[in-house]
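A.B. asks: no sequence for this one, just the structure:
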């Protein structure tokens, strides 16, 4: 044992590392980061969302380095993010400030500002396009920004559909913060239950798409979900506003693309909801609302996760629980983080020789006791 | 050697990282949690566990404690199941060394800081040393109360009837308390604690030890401690006393030791290969060095 | 005159929400003396179970006070207890037998284990002693001893109720609360369980509060009785007196229903 076997372990690790490195780089068709950015954009969005960093270049690097494994790539981003200092906090951005690229409502046909179908695969036929097999002889410059809205069509601000419901008295006024302290940060503070609303939304926003999809689906099939309507599903850019270090005024330093989902849950289900449930909000009215909103927001284009998030937000907000797992804050918040889950599940690959000996000795002892009892 | 000099000497290794990978605020928070843990032996202190470049469940809790405590003058040792050569131990050790410049050792007695998974060394550790245990599930009540919030309340009230009930049921059904690795212990007559999945063999070492034990659970975001000279007793019934593993008639195939925890592997010829799980101890016996293994 | 074991004064439990207010019980006051069985009778919704739930602190009262002689010398309102004191009250001083055994028993734990839990909470640490004591309680409640290590999930309703009573007796609580203990049982089983409780009570002098909608149960078990209607105590006195000479029209109605 001693030094030589340790050297052996080190050699094995280094060899594994070089095998991975070779897989990532050695090829007649190496992937360049712009290709990831331009053509694997949905995976990139998912990775940035779950990694909790919006940075297209870093995200593309993570995707390339992880050979396209979204959980591994998100993990790389998070491990990098944690080393970054916090320069400051942005002001809250409202969905009303979004530069809209897509916007649909399944609750109303005509919504103020109009529906914008935008870029979606929803109504395409899922037929393999064999024409894509052939690499174009040479790269083409991207045609004009396909996402851009026709000039003059977009007003500066899109109202939210739920504003209409509020105007009609069908929903509470938006909660107002009583104070504007630093938000709770789930990457710096341990979760406590019941969690604050900020903590809950952060965990959901960083949750893994697949895990959230299956929990939300279970909810819709009857395991604790609330049936709602999508008042609005939207995709676009939200401004990042910070306080100017000298003047103190609000300045925009950039845009972040997000998908937002507003579900409204009404009738009996709505009445069962405890409005908002958080501590740092006050409400102007105390009348019983007919609809409550369940909210989802995700970095980049990821409607699947935004809708799932709004379903989980709704189930967690229920005041009267049916006992289903997805109404349980601890259950949902601890188990949708697949980067943590991945680590723990895969740690079973580590040696457990010591524990296994301990287990075998216990089992043998119990077997002896049982055998002795049989003999009387 | 000062940190500055170290960074200059081993500059390349530090490129892109701060000393010890974690930023100073993180280290400060972890040290505060450790101090609180030492002040309240066995109590799980929540902390803002950082995302590490190692997967959750692979020692991120222990690693954060190590990185928050290690100084330039420290000598570190990392073992996994007692073995310095286990690939995960190697990987953790090279990360710690790379980001701190700390000296590495394979010898228990030479280390000031030992990070471990699932074992306490055979050699008795002394007052100048610290043992940092990686913890998968810090909550000993998890199998009787899965809600984190409810379990916290049970600890606050020292309400352990359901824990004892689980042990009673175990005895009724199996004639024994069947817990193998990770046997629950009572710390300082106050908190029931998960000792991490160390074998029963190592449990008595926690009691009235000279050394400081720190426990880190990264994924579950908890730190706790057993300070030196603290009473740590396994939960046991008077008529079903706790007992440790035994290896009657067996010895280490490599060094011949009969007084160490052995790991066994079945061989193709039907025999069983047993060797010391503690590599450092095995080397000592093999090299004829006398070490104290009575804790 | 013996001092009461428990004094309850002006107990109110009001459920209020947006635009509604439900009075579960209002200004309920009574005493319980050592060794006696107090009955509370009334129809469903009369507030009788609420009184019991408040005493066991499954439900927190809106206002009122309750003094148990052994709790801070009868000086401290039980309903001001902190979490730890509340648990102590529930595990050492009082016990509750619920109408639904699922509420009172852990069905995933053996019958013996259910009884043992209260002993373990009282720091019993010798398995042989715990088993001897638990079997003693199970024998008292006529649970066959060979079923001690079986799970109550597979027991009949009557047997589950006996295990629950054994559990409630474990660790000799000062006050046992029994909520509709025979309501969920077949008529044929009801008589057996009632006889058992009466027998245990007379033999061991347990102090208890028995809540039932059934005047027959009250007649059999209670020394004194409160009659409740719409959250209020409308009449109280010795059980025999109430049955023979009911004063309040509602009590008269109840008694007539039984005798006719």
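C.D. replies: Now that the structure is in, tell me what you want to look at. These numbers were taken from a predicted model, which means no experiment stands behind them. Residues are numbered from 1 along each chain as shown, chains lettered A, B, ... in the order given.

A.B. asks: quick one: the strands in chain A?
C.D. replies: When secondary structure is read from DSSP state E, chain A shows strands at A:99-104, A:176-177, A:229-243, A:250-266, A:281-282, A:291-299.

A.B. asks: deepest of those, which one?
C.D. replies: Mean neighbour count (mean count of other CB atoms under 10 Å in any protein chain shown) peaks for strand A:291-299 among the strands of chain A, with a mean of 25. C-betas here are computed from N, CA, C, even on glycine.

A.B. asks: would you mind listing the residues in contact with residue A:203?
C.D. replies: Residue A:203 makes contact with A:186, A:191, A:195, A:333, A:336-337, according to CB atoms under 8 Å, 6 or more residues apart in numbering or on different chains.

A.B. asks: same thing but 7 Å
C.D. replies: Applying CB atoms under 7 Å, 6 or more residues apart in numbering or on different chains, we find residue A:203 in contact with A:186, A:333, A:337.

A.B. asks: what do you get for residue A:308?
C.D. replies: A:212-213, A:216.

A.B. asks: identify the residues contacting the longest helix seen in chain B?
C.D. replies: Identified as the longest helix of chain B according to DSSP state H is helix B:24-39. Outside helix B:24-39, the residues that touch it by CB under 7 Å, 6+ apart are B:20, B:43, B:45, B:47-48, B:50, B:64-65, B:68, B:214, B:223-225, B:227.

A.B. asks: tell me the mean pLDDT for it?
C.D. replies: What helix B:24-39 shows for mean pLDDT is 96.

A.B. asks: next secondary structure after that helix?
C.D. replies: strand B:45-46 (DSSP states H and E).

A.B. asks: is chain A contacted by that following strand?
C.D. replies: Yes - applying CB under 7 Å from any CB of the partner chain, one finds strand B:45-46 touching chain A at residue B:46.

A.B. asks: could I get the buried residue list for the longest helix of chain B?
C.D. replies: Buried residues in helix B:24-39, counted by 16 or more other CB atoms under 10 Å in any protein chain shown: B:26-27, B:29-30, B:33-34, B:36-38.

A.B. asks: residues of chain B that sit close to chain C?
C.D. replies: With CB under 7 Å from any CB as the criterion, chain B meets chain C at residues B:157, B:159, B:161, B:164-165, B:168-169, B:171-172, B:237-240.

A.B. asks: among these, which ones are buried?
C.D. replies: By neighbour count, with 16+ other CB under 10 Å, the residues of chain B next to chain C hold B:159, B:161, B:164-165, B:168-169, B:171-172, B:237, B:240 as buried.

A.B. asks: okay, the residues you listed in JSON lines with distance to residue A:230 next?
C.D. replies: Shown next, in JSON lines, are these (distance: CB to CB, whole Å):
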{"residue": "B:159", "distance to residue A:230": "45"}
{"residue": "B:161", "distance to residue A:230": "48"}
{"residue": "B:164", "distance to residue A:230": "51"}
{"residue": "B:165", "distance to residue A:230": "48"}
{"residue": "B:168", "distance to residue A:230": "52"}
{"residue": "B:169", "distance to residue A:230": "49"}
{"residue": "B:171", "distance to residue A:230": "55"}
{"residue": "B:172", "distance to residue A:230": "54"}
{"residue": "B:237", "distance to residue A:230": "58"}
{"residue": "B:240", "distance to residue A:230": "59"}
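
A.B. asks: from those residues, which land in helices?
C.D. replies: Short answer: those in helices (DSSP H) are B:161, B:164-165, B:168-169, B:171-172.

A.B. asks: now, which of the residues you listed sits nearest residue B:102?
C.D. replies: Checking those against residue B:102 by CB to CB gives residue B:164 as the nearest, at 42.8 Å.

A.B. asks: tell me the secondary structure at the closest residue in space to the closest one that isn't next to it in sequence.
C.D. replies: In this structure, residue B:164 finds its nearest non-sequential neighbour in residue C:120, 4.1 Å apart by CB to CB, 6 or more residues apart in numbering or on different chains. Put simply, residue C:120 is helix when judged by DSSP: H, G, I helix; E, B strand; the rest coil.

A.B. asks: would you map out the domains in chain A?
C.D. replies: Described in terms of automatic domain parsing, the domain architecture of chain A consists of the residue ranges A:2-81, A:95-118+A:156-336.

A.B. asks: closest one to residue C:93 among those?
C.D. replies: Closest of the domains of chain A to residue C:93 is domain A:95-118+A:156-336, at 30.1 Å (criterion: CB to CB).

A.B. asks: and which of the buried ones among the residues of chain B next to chain C is nearest residue A:297?
C.D. replies: Of all those, residue B:159 has the smallest distance to residue A:297: 40.0 Å, by CB to CB.

A.B. asks: against residue B:156, how distant is the closest residue in space to the closest one that isn't next to it in sequence?
C.D. replies: Excluding its sequence neighbours, the residue lying closest to residue B:159 (CB to CB, 6+ apart) is residue C:87, at 6.1 Å. Using CB to CB, to the nearest Å, one obtains 11 Å as the distance from residue C:87 to residue B:156.

A.B. asks: try residue A:230
C.D. replies: With distances taken as CB to CB, residue A:230 is found 43 Å from residue B:156.

A.B. asks: helices of the chain, start to end?
C.D. replies: Answering for chain A, as no chain was given. A:2-25, A:33-39, A:41-51, A:56-65, A:70-81, A:161-167, A:197-206, A:209-220, A:267-272, A:303-317, A:329-335, A:338-346, A:353-375.

A.B. asks: other chain: chain C
C.D. replies: In chain C, the helices defined using DSSP H lie at C:48-56, C:83-88, C:101-104, C:111-121, C:127-140, C:157-169, C:187-204, C:215-221, C:239-244, C:249-259.

A.B. asks: all set now, cheers.
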